[in-house]
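> Turn this into a model:
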Amino acid sequence: MEWVWRGEAYAATSAELRAIKAQLESEPFPPAEPGGAPRLFYSLPPDDRAKLVKDRLKAYCQKVYKRVLDKPATEVGRGEERWERRGGGVGRARGPDAALLSPL
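This next block holds a predicted model:
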């Protein structure tokens, strides 16, 4: 079965992501109810936290790297599919698409 891998890869490093999360943790957010106390980052719902991190990461990458994200499309043929089914997906990937198939 032939298929195409499509993924999104931001140019930011893991250290930059940790810095963005630390910055969000130190910021107060609007209260859920009018007149209530400001909320902290970890008191927000998980979906809202993920959206805030993604939006902040997108703005950061756009400003620093002059691009938002890379969307590589790689065709994966029959040989790679068999390799993954045999359990080759665990460990180090080999071949022309090794960087795309190996876990981070």
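
> Scan this protein for its longest helix.
Under DSSP state H, the helix in the chain containing the largest number of residues is helix 46-64.

> I'd like to know which elements that one is packed against.
helix 14-26 (3 or more C-beta pairs under 8 Å, 6 or more residues apart in numbering; DSSP states H and E). In short, each C-beta sits where N, CA and C put it, glycine included.

> Counting neighbours, which bits of the helix it packs on end up buried?
Within helix 14-26, the residues scored as buried using 16 or more other C-beta atoms under 10 Å are 16, 20-21, 24.

> now swap in stretch 36-45 and tell me
41, 44.

> first vs last residue of it, how far apart are they?
End-to-end distance for stretch 36-45: 17 Å, by C-alpha to C-alpha, to the nearest Å.

> contacting residues around it?
24-25, 27-32, 49, 52 (C-beta atoms under 8 Å, 6 or more residues apart in numbering).

> pLDDT for these - can I get that in CSV?
Below are these laid out as CSV (pLDDT from 0 to 100):
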residue, pLDDT
Leu24, 95
Glu25, 94
Glu27, 94
Pro28, 93
Phe29, 91
Pro30, 90
Pro31, 90
Ala32, 84
Arg49, 95
Leu52, 95
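
> okay, the residues you listed in a markdown table with distance to Leu40 next?
Formatted as a markdown table, those follow (distance: C-beta to C-beta, whole Å):
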| residue | distance to Leu40 |
| --- | --- |
| Leu24 | 10 |
| Glu25 | 7 |
| Glu27 | 9 |
| Pro28 | 7 |
| Phe29 | 7 |
| Pro30 | 12 |
| Pro31 | 11 |
| Ala32 | 12 |
| Arg49 | 11 |
| Leu52 | 12 |
